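[1] Need coordinates for the below:
(chains A and B, ligands or ions: 2)
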Amino acid sequence: MLKIDHIGKTYPNAVRALDGISLDVEPGEIVAVVGGSGCGKSTLLRLVSGLDNPTQGNVALDGDAITSPHEKIGIVFQEPRLLPWLTVAQNVGFGLADRPKAERAERVARQLDRVGLAEKANVWPRELSGGQAQRVALARALVMRPEVLLLDEPFSALDAFTRVDLQDHLLDLWADTRPTLIVVTHDVDEAIVLADRVMVMRPAPGRVFAEIEVDLVRPRDRQSAAYDFAKRRVMAALDRSLDKKITIDDGETRSEHGAAMWW
Amino acid sequence: MSLAEPTVAARAPRPLARYARPALGLILPVGLAAAWEIAVRMGLSDGRLVPPPSRIWATLTELAATGELQRHVAVTVGRVAAGFAFGVAAGTLAGALTGYSAFVRRLIDPSLQALRAIPSLAWVPLFILWLGIFESSKVTLIAVGVFFPVYLGVMGAVLSVDRKIVEVGRVFRLSGAQMVRRILLPAVLPAYVIALRQGLGLGWMFVVAAELLGASEGLGYLLVDGQQLGKPAQIVAAIVVFAVIGKITDWLLVAATAPFLRWEDRYARA
Ligand SMILES: Nc1ncnc2c1ncn2[C@@H]1O[C@H](COP(=O)(O)OP(=O)(O)OP(=O)(O)O)[C@@H](O)[C@H]1O
Ligand SMILES: [Mg+2]
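    Ligands and ions are numbered 1, 2, ... in the order given. So this is what the prediction gives:
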């Protein structure tokens, strides 16, 4: 289990990006994190991935404190970050360098096939479309069979069609080994389609503002009333998270301008 | 989602276009040379100070027949090769260290930048005093010329490696040595090749300076000799040989490194 225990992060420039975030994530659970720009979502993922260390509190996976990148934790960034001097297959196999060649080739081929890019194995990253590159980045993380996969706005640079396509695809891949997923997103639909639980954050410093359970059966119907209801709840929470005068308790008050401003 | 798309196979240029394009660059020099040749043949000029191509060619074949040309070329190429090797080795090492470690950079970069501000030819008298007038002082001068562009290029390249890509290495828990080999080296390679080419260009410049300042062999000696004996054809012949060998070595460098840079996403890859 992933335990995030009262973590805070103050950057050297004295910006308090996060303050007292706690979150326990069950194995196989999908958590979406939404919140206004600059409320510390990327910072949170960097702390969980071990790329950065919290200034207070700690993160632990199955009792192991995370202070540097961990073999069971993978991350997909907002940009694909493929290594341009490696072919697609070599990029996917990047983390498997210490495995026997045959095993590596086999796992890479299988994973590329899973993300639908088997025929691109030997091309350079520059020859991929944005969506294909992001799928390669996903394959590069998944081929390591992480227990926890962190995704920082993985599809935000893509058009709406490709995004919906990749969301379904991500769920498909998730069903293979059921890793824990933490998905940061700007897109409320994305949060509802993917997550068991949506964390709404509020800024300056970043804190958890609301936690919304989404217990809809998968695959989720984007047209259903229950889906729409969940979406409204998240939207409302987001709205309130940006309105500093209103506290967490008085549930139903809405701010007029918040809806347009949250992202 | 998995449409069958055509793979890499680049469209082969039409055979004509393949030769016609480089040939375009030949029109101007060849045209000028031909025009001058005709002008001299027609008696519009005696071509004494500016010899026509035929006379330069004659000088070259003459020098080649006695084996003299080959000897001078070999000596000059040897000097450039030695100076280039030392300059590249030192420049790469210093550039990598200063790029990698902020401490080393603060320690030695200011001194190196100060040295760089000295016109390199100003070292010549000192090198001659220290190392004598023979090979060592010449090779050292060339090495100094090669050193600075390589040093600056490598340091700049290491410093500008994208943090985002370094983070990919960190996520996969690469050790320091693996990070250098699997991330930093490939990332700096394109800039390194440019630095090497600049270094090589300066190497050729400095070998001429070194040989003009006192040599009994080498293409630079042919220049001085031509001047002192009033043989402009020999001077131009030596210049032509410099140009040709300089171009060939640059081309060899590019060709040797091209296989490692096929991945580059460049605006102009023609
Ligand atoms: N390396 C850093 N040094 C200093 N301050 C930083 C650094 N990274 C982020 N911050 C600050 O921390 C806060 C949170 O940043 P973060 O990138 O985590 O936000 P975010 O929620 O991911 O925003 P977005 O949705 O726009 O990506 C911001 O105020 C930002 O200016
Ligand atoms: Mg972010």
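
[2] Report the contact partners of the residue lying closest to residue A:176 once chain neighbours are set aside.
    Nearest non-adjacent residue to residue A:176, counting by C-beta to C-beta, 6 or more residues apart in numbering or on different chains: residue A:114, 7.3 Å away. The way it works is simple: take the backbone N, C-alpha and C, and place the C-beta from them, glycine included. By C-beta atoms under 8 Å, 6 or more residues apart in numbering or on different chains, the contact list for residue A:114 reads A:139, A:142, A:173, A:176.

[3] Test my guess that the first one contacts residue A:116.
    No: with contact defined as C-beta atoms under 8 Å, residue A:139 does not reach residue A:116; the gap is 9.7 Å.

[4] Which one's more surrounded, the two?
    More crowded of residue A:139 and residue A:116, by other C-beta atoms under 10 Å in any protein chain shown: residue A:139, with 25 against 16.

[5] Assign that one to helix, strand or coil.
    What DSSP: H, G, I helix; E, B strand; the rest coil gives for residue A:139 is helix.

[6] mind checking pLDDT for it?
    In the predicted model, residue A:139 carries a pLDDT score of 90.

[7] wait, is residue B:138 part of a helix?
    Yes: assessed by three-state DSSP, residue B:138 belongs to a helix.

[8] List the residues that contact residue B:225.
    Residue B:225 neighbours (C-beta under 8 Å, 6+ apart): B:231, B:234.

[9] got it, and residue B:245?
    B:73, B:76-77, B:204.

[10] what separates it from residue B:146, distance-wise?
    According to C-beta to C-beta, to the nearest Å, residue B:245 stands 16 Å off from residue B:146.

[11] Quick check, residue A:21 in contact with residue A:208.
    Yes: using C-beta under 8 Å, residue A:21 is in contact with residue A:208, at 5.9 Å.

[12] Settle it for me: which of these two has more neighbours?
    Each of residue A:21 and residue A:208 has its neighbours counted (other C-beta under 10 Å); residue A:21 has more, 27 against 21.

[13] ok, what's across the strand from the more buried one?
    residue A:7 (DSSP bridges).

[14] and it, what is it in contact with?
    The contact partners of residue A:21, by C-beta under 8 Å, 6+ apart, come to A:4, A:6-8, A:44, A:57, A:206-208.

[15] between these, which is nearest residue A:85?
    Nearest to residue A:85 among the contacts of residue A:21, counting by C-beta to C-beta, is residue A:44 at 31.3 Å.

[16] Backbone dihedrals for that closest one, please?
    Dihedral pair for residue A:44: phi -60, psi -50, per degrees, to the nearest 10.

[17] same question, residue A:149
    The phi and psi values for residue A:149, taken as degrees, to the nearest 10, are phi -120, psi 130.

[18] so it makes contact with residue A:180?
    Yes: contact criterion C-beta under 8 Å: residue A:149 and residue A:180 qualify, at 7.1 Å.

[19] Of these two, which one has the most company?
    For residue A:149 versus residue A:180, neighbours defined as other C-beta under 10 Å are more numerous around residue A:149 (27 against 22).
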